[in-house]
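[1] build me a model:
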Amino acid sequence: MTSRRRAATATAALTCGAALIAGAACTGAAAAEDPDGGEGDLANKSAQQISDDSLHQLVAAKSLRLRTQTSADPTKLDLTLDRAGNCTGAISKGSLGRVELVKRGNQVWMKPDAAFWKSQLPGNEGRDAAEKYKDTFLHGTTKNAFLGNLSAACDLRAFQKSALPPENPPSGAPSPSATPTLTKGRPTTHEGTRVLPVVKKAQGAVQTLYVAIDGKHYPLKLTAEVDHQTGTILLSNYDTPVSSKTPAPGDTADISVLEDRIQGSEGSQSA
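    Have a look, this model is predicted:
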């Protein structure tokens with residue numbers, strides 16, 4: 001495999017979200033040789049059983065908080081979302097800016113920061129727009145192409161579906177005897193919660209799923225390392241309702257103000 005193809009593979013592996021869980025859930029099982037006494041009721045379960053249990057908890061969740069970051073892409077998510085498609089939080093694109101996001105039904109509000117406006121509009125136009133709309137949410141519906149694409153990350157059902165292993169594995173898939181095994185790591189803590197790592201190593205990639213030891217065995221953290229690229233997914237606030245609060249009308253402007261300014265800027269540049 002060429003370095004370019006390996007880089008593309010690494011990027012895909014790190015940005016596929018919940019598919020990391022599916023990658024763990026569909027491989028062979030292996031129990032740790034010396035299970036640590038701090039594993040609670042997970043002590044007598046294999047790594048495969050722990051992975052399967054955590055996957056069940058994830059796909060059954062009605063809502064959760066999702067945080068992601070990867071070294072292969074500057075995009076970061078911090079969203080609380082539910083199965084009805086509602087969400088609130090923020091999406092960051094590094095130097096291209098950050099937007100606060102609120103979605104309720106098909107209604108979408110976004111509040112860009114100054115860096116976003118400056119990345120969309122040249123020179124003084126970007127600075128002027130950033131100042132004028134610094135405390136303003138831009139509002140529209142999912143029928144708007146920009147808002148529809150932006151709020152696609154609010155689809156918890158799609159995220160949960162991506163976590164499930166494929167019903168019909170592609171032809172040529174490795175046989176169960178050839179698939180990598182899962183191993184249990186040593187108990188540790190994540191954001192104050194005791195977790196048990198479940199590790200998969202295959203073809204130079206290392207994927208680790210951190211499962212809550214106490215209470216429901218939720219997956220709380222996923223990490224991946226491929227070709228020196230790293231990615232992290234954090235999952236929390238399971239079944240905590242998404243806030244129903246939406247921006248006040250006095251704090252909003254129609255999404256067309258962004259589109260009109262971008263079109264005006266493009267028109268002046270082409271003239």
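[2] need the mean per-residue confidence for stretch 262-271.
    What stretch 262-271 shows for mean pLDDT is 63.
[3] now do stretch 247-257
    Averaging pLDDT along stretch 247-257 yields 95.
[4] in it, what's buried?
    Buried residues in stretch 247-257, counted by 16 or more other C-beta atoms under 10 Å: P247, T252, I255. (Each C-beta comes from the backbone N, C-alpha and C, glycine too.)
[5] which residues are in contact with the second one?
    It refers to T252. By C-beta atoms under 8 Å, 6 or more residues apart in numbering, the residues touching T252 are W109, T136, F137, L138, H139.
[6] save those residues as JSON lines, and put in pLDDT and secondary structure too.
    Below are those laid out as JSON lines (pLDDT from 0 to 100; DSSP: H, G, I helix; E, B strand; the rest coil):
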{"residue": "W109", "pLDDT": "98", "secondary structure": "strand"}
{"residue": "T136", "pLDDT": "96", "secondary structure": "coil"}
{"residue": "F137", "pLDDT": "97", "secondary structure": "strand"}
{"residue": "L138", "pLDDT": "97", "secondary structure": "strand"}
{"residue": "H139", "pLDDT": "97", "secondary structure": "strand"}
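[7] next, format the residues you listed as TSV and append distance to L209 and neighbour count.
    Shown next, in TSV, are the contacts of T252 (distance: C-beta to C-beta, whole Å; neighbours: other C-beta atoms under 10 Å):
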residue	distance to L209	neighbour count
W109	34	23
T136	40	17
F137	36	22
L138	37	23
H139	38	23
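[8] measure the residue nearest the centre of the chain to K118 for me?
    Central residue of the chain (C-alpha atoms, centre = their mean): T68, 4.5 Å from the mean position. Distance, T68 to K118, using C-beta to C-beta, to the nearest Å: 24 Å.
[9] parallel or antiparallel, list what pairs with whatever helix or strand V102 lives in.
    Assigned by DSSP states H and E, V102 belongs to strand 98-104. Using DSSP bridges, strand 98-104 pairs in its sheet with strand 87-92 (antiparallel), strand 107-112 (antiparallel).
[10] and of those strands, who's closest to V99?
    The minimum distance between V99 and the strands paired with strand 98-104 falls on strand 107-112, with 4.7 Å, by C-beta to C-beta.
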